[in-house]
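> below are the sequence and a predicted model for it; my questions follow.
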Amino acid sequence: MSAIKSEIKDNQLILSLEGRIDSGNAPEIEEEVLRIIKEQIEDNNSSLDLVIDAEKLEYISSAGLRVLLHVRKKRAELVVKNVNNEVYEIFDMTGFNQMMTVEKAYKTVSIEGCEVIGSGANGTIYRIDKDNVVKVYNNADALSEIQNEREVAKLALILGIPTAISYDVVKVGDSYGSVFELLDAKSFAQILKNEPEKFEWCVEEYVKLLKTIHGTVVPEGKLKDLKETALSWVHVMQNYLSKEYGDKLLALVEAVPEDNHMIHGDYHPKNVLLQNDEVLLIDMDTLSVGNPIFELGSVFNAFVGFYESNPDSVLKFQGYDLDTSHRFWKRLLALYLGTEDEERIKAVEDKARIVGYTRLIRRSIRLGGLETEDGKKEIDNWTNELMELLDSVDSLLIDGPAGAANKGNAEDDESDKNTLVIDALVQNFDYVSDFVNARLEAFDCPMKASMQIVIVVEEIFTNIAKFAYGDETGKATIKLKLFEAAQSSSGEREVELTFMDHGIPYNPLAKEDPDVTLSAEERQIGGLGIFMTKQMMDSLAYEYRDGMNILRMRKKL
């Protein structure tokens, strides 16, 4: 048997159902519900919203569902809330949660005395016990945000990004939270604070994960484009800069090419965790796509920008000191770019600072920074830094192995994301391999062809690194281009791979092929790399032009 209680609260007529609704009592329940609606709303021509509170509803049959359907036809705005898991499964199975608003009941979790794991613009993460953490959202009506973050986290996991997936949604005070299982996980911020001897390991793993993120191609339309968000920051900034500086800032951001590679959006050491020797990424609600310079701007803020006006705040937020923060930023840039060249590192840092300061100023204005003296001073300092950078920076594109959006000295005017310029050093091959694999994946290249192309890339890049510049360090440019069948002279899909360097003139195709029929004792050392390249690729061409070695080859797919 089911009982009905009614009350009017916050401009809502709330009907509380208890017990069971089945074929035996459904007619009486429907009659009573419609009577209350008529008396409280229809007869009084009231604007009350109708809410059914199902917190104590234990069971509902198809007859009970028909009752709700009849009510829904009379009151289109019907909301059913506090539905337990068993009853919710029936709503879900029958599609009723698509016809009306059905809200699950959520168990309550307390965060009193819990350790703060991390915090961001949208919420704070607490450890609620040894095995679990909860992300509590700042927005009290965060259910849609939670659903979105769970979906993008699943997408990231499918695409190969190590992350934790929320297994439950709970009520925390006046807001909601997502619960994750993180067994004894500790953040990189905690490691840097408590185990300073692991500094270099932390930077290397931090950069490795960042490069994995930036090397991940996201299917079109699955994530928001961070460039659009960055443009919104610029539009705010244009009200606080002179026309000259505002126009230049807008032009710089508009010139950044579209990119479908993943960006985390809030990549700082509290959002990177170590669990059972596995590095995990958390706080996925800011996940997006775009050029890596937008990410580097946020990373600059996380290590430097936020603390320029208040150096002590890094200790409060991250737990380690300012010197550690600055050293980490410099080291991660060097590893990310694959170079120790200070000029090149500074050039990329300046581009990141432009993005970082733009975001910081916009954030401070939004939070009322112009209403306090300290806030005005902080905004003025950032604005002066920004204008000084705008005087000297003419592009936000990264010249290096940052992923798919690097600007190279390309022979053809092609999309930047298919060109990589990098120091020709043997130890940089991992960056080259990541870049090539990402592009081949974007081209939907078959596995066998991809493997052969990567082998060729290793052979040619290693030769350039070892021999092109002697004892000096120079650049190597690698470009990939996809030709669809209709564009190709062979009538088949092809990938074109081009290497360029400014080293000593050298035509690898002129080298005589080794005699592979000879025994090991009879063979000469060397030559196999070029021989393998000839065997694996369908066509090769070399020229020396404008001071450059240019080796171009194609592979049919």
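Cool, the structure landed. Residues are numbered from 1 along each chain as shown.
> give me the buried positions along the longest helix along the chain.
Of all the elements of type helix in the chain, the one with the most residues (DSSP state H) is helix 342-366. Under the neighbour-count criterion of 16 or more other Cβ atoms under 10 Å, helix 342-366 has 344-345, 347-362, 364-365 buried. (C-beta placed from N, C-alpha, C; glycine too.)
> what mean pLDDT does stretch 299-312 get?
Mean pLDDT, stretch 299-312: 92.
> just how off-centre is it within its chain?
Offset of stretch 299-312 from its chain centre (Cα atoms, centre = their mean, to the nearest Å): 21 Å.
> what residues does it touch?
Outside stretch 299-312, the residues within contact range by Cβ atoms under 8 Å, 6 or more residues apart in numbering are 210, 267-269, 313-314, 317, 322, 325-326, 328-329, 332, 349, 352-353, 355-357, 359-360, 374, 377-378, 381-382.
> what of stretch 464-475?
Applying Cβ under 8 Å, 6+ apart, the contact partners of stretch 464-475 are 341, 409, 421-426, 428-429, 476, 499, 501-504, 506, 549.
> at 6 Å what do you get?
421, 423-426, 476, 501-503 (Cβ atoms under 6 Å, 6 or more residues apart in numbering).
> what's the local residue count around the residue nearest to S46 when sequence neighbours are not counted?
For S46, ignoring the flanking residues on the chain, the nearest one in space by Cβ to Cβ, 6 or more residues apart in numbering is Q40 at 6.5 Å. Q40 sits with 17 neighbouring residues when counted by other Cβ atoms under 10 Å.
> you'd agree Q40 is up against I14?
No - with contacts defined as Cβ atoms under 6 Å, Q40 does not count as touching I14, sitting 10.4 Å away.
> quick revisit: so what does the longest helix of the chain touch, helix or strand wise?
helix 226-237, helix 292-303, helix 373-392 (3 or more Cβ pairs under 6 Å, 6 or more residues apart in numbering; DSSP states H and E).
> in the stretch 1-150 of the chain, what spans have low per-residue confidence?
Where the stretch 1-150 of the chain drops to pLDDT under 70, the residues are 1-2, 119-121.
> where does the stretch 301-450 of the chain dip in pLDDT?
399-416.
> would you agree S6 falls within a strand?
Yes - counting by DSSP: H, G, I helix; E, B strand; the rest coil, S6 is part of a strand.
> what residues are bridge-paired with it?
Beta-bridge pairing of S6 under DSSP bridges involves L15.
> count of residues packed around it?
Number of residues near S6 (other Cβ under 10 Å) recorded here: 15.
> how about M99?
Using other Cβ under 10 Å: M99 sits among 14 other residues.
> give me the spatial nearest neighbour of it, chain neighbours excluded.
That would be R72: by Cβ to Cβ, 6+ apart, it lies 6.5 Å from M99.
> can you verify the one you found is assigned to a strand?
No - counting by three-state DSSP, R72 is located in no strand; its state is helix.
> residue boundaries of the helices in the stretch 1-150 of the chain?
26-37, 62-74, 85-94, 96-99, 143-158 (DSSP state H, counting those that start in this stretch).
> now tell me what touches the longest helix of the chain from outside.
For helix 342-366, contacts defined as Cβ under 6 Å, 6+ apart pick out 233, 236-237, 293-294, 296-297, 300-301, 305, 333-334, 379, 382, 385-386, 389, 393, 396, 398.
> these, buried ones only, as a PyMOL selection?
A single PyMOL command selects the buried members of the contacts of helix 342-366 (16+ other Cβ under 10 Å):
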select buried, resi 233+237+293+294+296+297+300+301+305+333+334+379+382+385+386+389+396+398
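> L440 - nearest residue in space that isn't next to it in sequence?
That would be S450: by Cβ to Cβ, 6+ apart, it lies 4.6 Å from L440.
> relative to A476, how far out is the one you found?
According to Cβ to Cβ, to the nearest Å, S450 stands 20 Å off from A476.
> ok, those two, which is more surrounded?
Neighbours were counted for S450 and for A476 using other Cβ under 10 Å; A476 has more, 26 against 20.
> now the more buried one. Its backbone dihedrals?
For A476, the backbone dihedrals (degrees, to the nearest 10) come out as phi -120, psi 140.
> go ahead and confirm it touches A424.
Yes - counting by Cβ under 6 Å, A424 is a contact partner of A476 at 4.1 Å.
> V134: neighbour count?
Residues near V134, counting by other Cβ under 10 Å: 26.
> mind checking the SS state of the closest residue to it other than its chain neighbours?
Spatial nearest neighbour of V134, chain neighbours left out: G177 (4.3 Å); criterion: Cβ to Cβ, 6+ apart. Using three-state DSSP, the structure places G177 in strand.
> next, count neighbours for G177.
G177, neighbours per other Cβ under 10 Å, totals 27.
> state the pLDDT value of it.
With respect to pLDDT, G177 scores 87.
> may I have the phi/psi pair for A140?
phi -70, psi -20.
> surely it and G177 touch.
No - A140 is beyond contact range of G177, at 11.5 Å (criterion: Cβ under 6 Å).
> any idea how far K534 is from L13?
Here the criterion is Cβ to Cβ. By it, L13 lies 80 Å from K534.
> over to I213?
Distance, I213 to K534, by Cβ to Cβ: 36 Å.
> among those two, which residue is more densely surrounded?
I213 (23 against 17).
> secondary structure element holding that one?
helix 199-214 (DSSP states H and E).
> quick one: buried residues of that helix?
Within helix 199-214, the residues scored as buried using 16+ other Cβ under 10 Å are 199, 202-203, 205-207, 209-214.
> between the residues you listed, which is closest to Y59?
Using Cβ to Cβ, I213 comes nearest to Y59 of these, at 46.5 Å.
> surely that closest one meets I263?
No - look at I213 against I263 with Cβ under 6 Å: they stay out of range, at 7.0 Å.
> between those two, which contacts overlap?
Counting by Cβ under 6 Å, 6+ apart, nothing touches both I213 and I263.
> so who does D92 touch?
Not one residue lies near D92 by Cβ under 6 Å, 6+ apart.
> state the distance from it to K56.
Shown here: D92 relative to K56, a distance of 20 Å by Cβ to Cβ.
> need phi/psi at H261.
According to degrees, to the nearest 10, H261 has phi -90, psi 150.
> at the geometric centre of the protein, which residue do we find?
H264 (2.6 Å; Cα atoms, centre = their mean).
> dihedrals phi and psi, it?
Dihedral pair for H264: phi -80, psi -50, per degrees, to the nearest 10.
> could you find the closest non-adjacent residue to it?
Excluding its sequence neighbours, the residue lying closest to H264 (Cβ to Cβ, 6+ apart) is I213, at 5.6 Å.
> what separates the spatially closest residue to V207 that is not a sequence neighbour from D430, distance-wise?
Counting by Cβ to Cβ, 6+ apart, V207 lies nearest to L335, which is 4.3 Å off, once chain neighbours are set aside. Per Cβ to Cβ, L335 is found 10 Å from D430.
> tell me which of these two has more neighbours.
Ranked by neighbour count (other Cβ under 10 Å), L335 and D430 place L335 first, with 18 against 12.
> for the helix or strand that contains the more buried one, packing partners?
Element membership of L335, judged by DSSP H and E, is helix 322-337. When contacts are defined as 3+ Cβ pairs under 6 Å, 6+ apart, helix 322-337 packs onto helix 199-214, helix 292-303.
> mind listing what's buried in that helix?
So helix 322-337, judged by 16+ other Cβ under 10 Å, has buried residues 322, 324-325, 328-329, 331-337.
> got the angle for it vs helix 292-303?
160 degrees (axes from the mean of the first three to the mean of the last three Cα atoms, to 10 degrees).
> put the alpha carbons of helix 322-337 into PDB.
What follows is helix 322-337 as a C-alpha-only set of coordinates in PDB (Å, rounded to 0.1, in the frame of the first residue of the first chain):
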ATOM      1  CA  LEU A 322      58.600  29.000  -4.900                       C
ATOM      2  CA  ASP A 323      62.100  27.900  -5.900                       C
ATOM      3  CA  THR A 324      60.800  24.300  -6.600                       C
ATOM      4  CA  SER A 325      57.900  25.700  -8.600                       C
ATOM      5  CA  HIS A 326      60.200  27.900 -10.800                       C
ATOM      6  CA  ARG A 327      62.800  25.100 -11.300                       C
ATOM      7  CA  PHE A 328      60.000  22.700 -12.300                       C
ATOM      8  CA  TRP A 329      58.600  25.100 -14.900                       C
ATOM      9  CA  LYS A 330      62.000  25.600 -16.500                       C
ATOM     10  CA  ARG A 331      62.800  21.900 -16.500                       C
ATOM     11  CA  LEU A 332      59.500  20.800 -17.900                       C
ATOM     12  CA  LEU A 333      59.800  23.300 -20.800                       C
ATOM     13  CA  ALA A 334      63.300  21.900 -21.700                       C
ATOM     14  CA  LEU A 335      62.000  18.300 -21.600                       C
ATOM     15  CA  TYR A 336      58.800  19.200 -23.400                       C
ATOM     16  CA  LEU A 337      60.600  21.000 -26.200                       C
END
